[in-house]
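[1] The following comprises the amino acid sequence and a computationally predicted model.
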Protein chains: 2
Amino acid sequence: MTGKPEVARSPLAVAFPAMPDIAGVEIATARAGFYKQARDDILIMRFSPGTACAGVFTRHKVGSAPVDWCRKRLAASHGRDIRALVVNAGCANSFTGRPGAQAAGRVATVAARNLGLRAREVMLARTGVIGVLLDDSRIVEVLPAAARSLSPDAWRKAALAISTTDTFPKGATAQASVDGHAVRIAGIAKGSGMIAPDMATMLAFVATDAAVEPKALQDLVDLHVRDTFNSVTVDGDRSTNDTLLVFATGASGAPAISTASDPRLADFSAKLKTVLLDLALQLVRDGEGASKFVKITITGARSDASARKIARTVAESPLVKTAFAGEDANWGRIVMAVGRADEAVKRERIRVTFGPLTAARDGLVAPDYSEAAMSDYMKNPELEVGVDVGVGRGRAIIWTCDLTKQYVAINGDYRS
Amino acid sequence: MTGKPEVARSPLAVAFPAMPDIAGVEIATARAGFYKQARDDILIMRFSPGTACAGVFTRHKVGSAPVDWCRKRLAASHGRDIRALVVNAGCANSFTGRPGAQAAGRVATVAARNLGLRAREVMLARTGVIGVLLDDSRIVEVLPAAARSLSPDAWRKAALAISTTDTFPKGATAQASVDGHAVRIAGIAKGSGMIAPDMATMLAFVATDAAVEPKALQDLVDLHVRDTFNSVTVDGDRSTNDTLLVFATGASGAPAISTASDPRLADFSAKLKTVLLDLALQLVRDGEGASKFVKITITGARSDASARKIARTVAESPLVKTAFAGEDANWGRIVMAVGRADEAVKRERIRVTFGPLTAARDGLVAPDYSEAAMSDYMKNPELEVGVDVGVGRGRAIIWTCDLTKQYVAINGDYRS
């Protein structure tokens, strides 16, 4: 049983969008009681027959029972005929050994029975405290009623049911054209702490009524995850349970596409990326205790990979993040973080910009640097920091937030 | 001009020891005015002729003018006949290009003139804000008076003069025997933020009256720095200015030793390590905002290097550090951090201990785990966390502190 501290809505929050029904998708939420508060903590989604599924999971070395389950099911089915998803918040069922795996299996079995499916057609995801065995009886109890309440228009309730320390529900949607047919994409996400590249600590579930074969769907997801979910970081910590699942029901009537490079998928691919990026950036906007939304762009690196490592080092530096929190025009800390990434940089060529202002150029403070102007700029809730490291043509963008006293308060008191 | 916020003395502070005079060492401090407060911010040390010097510097890719200077001087002199050290707090003179290098050179030249030396015999170190050009005229002005006030017994004043956000002065001392002769070692250090392995962000200066040839002295320092200064971390951030310098005057009359492996140096080597470790742990005890002193021991890793990487990942995880701050028995976060280090671990064999308590064993919560007992343990100001990752025989220890609201306050307001 976890107690969620009372946390004010993030000042960087965005509104939950009007979400379309996605043909072939039904949604229900329920309260299993993992929280003391009266809130739903269970999400069930049912998909029409023939739904394709693609997934990306944490690269965490410990992982969790639900992640193990999804990996196995996806591998065995090749992403074909995945028919349901059952999610709970409040207990991660991670680091719980064989008993945890057995609990996961029981949830899938009972969910399948209530939905008229087989256990192997059910995907699972969980979020919450690590190391606590899932009390699956809580979930099993509420599944029958939940299965009877499925409806296509419960996206917002779904986003709320999977949240933990989130201060606003996260959704994104887009419409795309596949060979002249309109298709829809809708997705939700949760997560505000333990967020880092190589899956932010987060759950995200996206559904579309486009008809995309599993292999093509997985290729698209793999293509876009790098510049979306894997380009955000809140605290550098990585969850055992990170899960992104994309479901394509094919119920729109658009033609089925079997390869990601098919030009008929170009618009769908672009719009899918838009939805994934929108969700990923909302995670940052809800970074625990965040008061600043910061885009860090590194250019001039030896390679894109080198630029990513530098960008991540800057984005995760406690001294950089606390300077953002303090609205402190202490650009020297950016230089400090760039230099400790252990990547090639040319000191005499380093340039540092904050929005339209140049702080440093050619390895020292810019001649026209104005601390007053920089201090004014730092008051913006959204900041853009650019660093050119003067070596090559590699570039990368990472989005992050600041590190505030509120982050410490939230994470020191999470289970109290 | 920097303003040091009023910060209470660390609850983990230790007393400054009674320091011996070191034959061949004279010390003076002065106020150059880099701080608004009435405090000394300049340290001068003069060493007797023939003093050997060894140094370890930041591996930061940007570095700073004083670090560049020391590296060049040590390489050119092979560590022989280094006769003085000039340090200032309040301005790092880092990322200041050619003007910064010229300012460093002027300080060395004027210091040498006042001390009856040549500029190349003078070592330099600085700490403070990055990116601000050193106003060397401030230092030059006070050097003559400082040079006239040199005395052997100013260690405590020296430790205070080099401090920035430190809340207590840091010193350590030991006595050793070299071939039957008593020799003394004394050292001071500063640093409480931007502290990470691969030189903590810190300055440390150690002097001994032992007679150790430069090559042997450097070998000893290189040997011991890994398990002392490079085994502590506060925030994972690494300074551009990290400097450890060890000076051996030889004025004790003990025989000169020219190889580190000479058995006559064994006791000296052990005592030198004691002094380095004492200073390094004091940095952690003064970690910005620290309320807990935490020793993290990783065993069962594939190699010592792998264990070090895991230990560092745990020690620098914001979620782990905030749990310590909140006295939260959330041992699952330790597992989270272990698994995101991208090192080999065997989930089914992982064991997690907190002091005498076992939280997890064989990959899940221990049968006799008591949250009440664990919560009591977390109230201790000094904590020991052990993780066996079940793969091999590699082991490592890292010392760190917690992440508190006070850390954010200190670093958000540093330059205000």
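    Here it is on my side, so go on. Remember, predicted model here, so these are calculated numbers, not experimental data.

[2] Phi and psi next, for residue A:183.
    Main-chain torsions, residue A:183, degrees, to the nearest 10: phi -130, psi 160.

[3] Correction: the previous question concerned residue A:26.
    Residue A:26 adopts backbone torsions of phi -120, psi 150, taken as degrees, to the nearest 10.

[4] Likewise for residue A:41?
    Backbone torsions for residue A:41, taken as degrees, to the nearest 10, come to phi -140, psi 10.

[5] Tell me the confidence at it?
    With respect to pLDDT, residue A:41 has a value of 95.

[6] so where do the strands sit in the stretch 201-350 of chain A?
    A:203-208, A:232-233, A:243-248, A:293-301 (DSSP state E, counting those that start in this stretch).

[7] and of those strands, who's closest to chain B?
    The closest of those to chain B is strand A:232-233. By C-beta to the nearest C-beta, the value is 10.8 Å. Backbone N, C-alpha and C define where each C-beta goes, glycine included.

[8] touching chain B at all, the closest one?
    No: contact between strand A:232-233 and chain B is absent, the nearest approach being 10.8 Å (criterion: C-beta under 8 Å from any C-beta of the partner chain).

[9] Check the nearest residue to residue A:99 once chain neighbours are set aside and give its pLDDT.
    The shortest distance from residue A:99 to any non-neighbouring residue, by C-beta to C-beta, 6 or more residues apart in numbering or on different chains, is to residue A:133 (5.5 Å). On the pLDDT scale, residue A:133 is placed at 85.

[10] for residue A:133, what are its contacts?
    Counting by C-beta atoms under 8 Å, 6 or more residues apart in numbering or on different chains, residue A:133 makes contact with A:93, A:96, A:99-100, A:103, B:364-365.

[11] how about the strands of the stretch 201-350 of chain A in TSV, adding mean pLDDT and mean neighbour count?
    Listed next are the strands of the stretch 201-350 of chain A as TSV, based on pLDDT from 0 to 100; neighbours: other C-beta atoms under 10 Å in any protein chain shown:
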stretch	mean pLDDT	mean neighbour count
strand A:203-208	94	27
strand A:232-233	84	26
strand A:243-248	94	28
strand A:293-301	97	22
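
[12] okay if I get these as a markdown table plus distance to residue B:358?
    Below are these laid out as a markdown table (distance: least, C-beta to C-beta, whole Å):
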| stretch | distance to residue B:358 |
| --- | --- |
| strand A:203-208 | 31 |
| strand A:232-233 | 33 |
| strand A:243-248 | 30 |
| strand A:293-301 | 41 |
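
[13] Most neighbours of all the contacts of residue A:133, which one?
    In terms of neighbours by other C-beta atoms under 10 Å in any protein chain shown, the contacts of residue A:133 top out with residue A:93 at 32 neighbours.

[14] hang on, the earlier thing: of all the strands of the stretch 201-350 of chain A, which lies closest to residue A:144?
    strand A:203-208 (22.2 Å; C-beta to C-beta).

[15] Partner strands of that closest one and their direction?
    strand A:181-190 (antiparallel), strand A:243-248 (parallel) (DSSP bridges).

[16] I'd like the distance from the shortest one to the chain centre, please.
    In other words, strand A:243-248. Put simply, strand A:243-248 sits 12 Å off its chain's centre (C-alpha atoms, centre = their mean, to the nearest Å).

[17] quick one: contacts of stretch A:357-367?
    For stretch A:357-367, contacts defined as C-beta under 8 Å, 6+ apart pick out A:329, A:331, A:334-335, A:347-353, A:368-370, A:373-374, A:377, B:95-97, B:99-100, B:131-133.

[18] Can you pick out the ones from the residues you listed that are in helices?
    A:334-335, A:373-374, A:377, B:97, B:99-100 (DSSP state H).

[19] buried subset of those residues?
    Using 16 or more other C-beta atoms under 10 Å in any protein chain shown as the burial test, the ones in helices among the contacts of stretch A:357-367 include A:334-335, A:373-374, A:377, B:97, B:100 as buried.

[20] got a markdown table for those residues, with distance to residue A:281 too?
    A markdown table is the format used below for these (distance: C-beta to C-beta, whole Å):
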| residue | distance to residue A:281 |
| --- | --- |
| A:334 | 21 |
| A:335 | 26 |
| A:373 | 27 |
| A:374 | 25 |
| A:377 | 21 |
| B:97 | 36 |
| B:100 | 38 |
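
[21] Need the worst-confidence member of the residues you listed.
    residue B:97 (87).

[22] hey, where'd the strands end up in the stretch 51-200 of chain A?
    According to DSSP E, counting those that start in this stretch, the strands that the stretch 51-200 of chain A contains are A:52-57, A:84-89, A:122-127, A:170-178, A:181-190.

[23] can you state the direction angle for the second one and strand A:203-208?
    Just to be clear, that refers to strand A:84-89. Counting by axes from the mean of the first three to the mean of the last three C-alpha atoms, to 10 degrees, strand A:84-89 lies at 150 degrees to strand A:203-208.

[24] now for strand A:84-89, which elements pack on it?
    strand A:42-47, helix A:97-115, strand A:122-127, helix A:136-148, strand A:203-208 (3 or more C-beta pairs under 8 Å, 6 or more residues apart in numbering or on different chains; DSSP states H and E).

[25] go again using 7 Å as the cut-off
    In terms of contacts (3 or more C-beta pairs under 7 Å, 6 or more residues apart in numbering or on different chains; DSSP states H and E), strand A:84-89 is packed against strand A:42-47, helix A:97-115, strand A:122-127.
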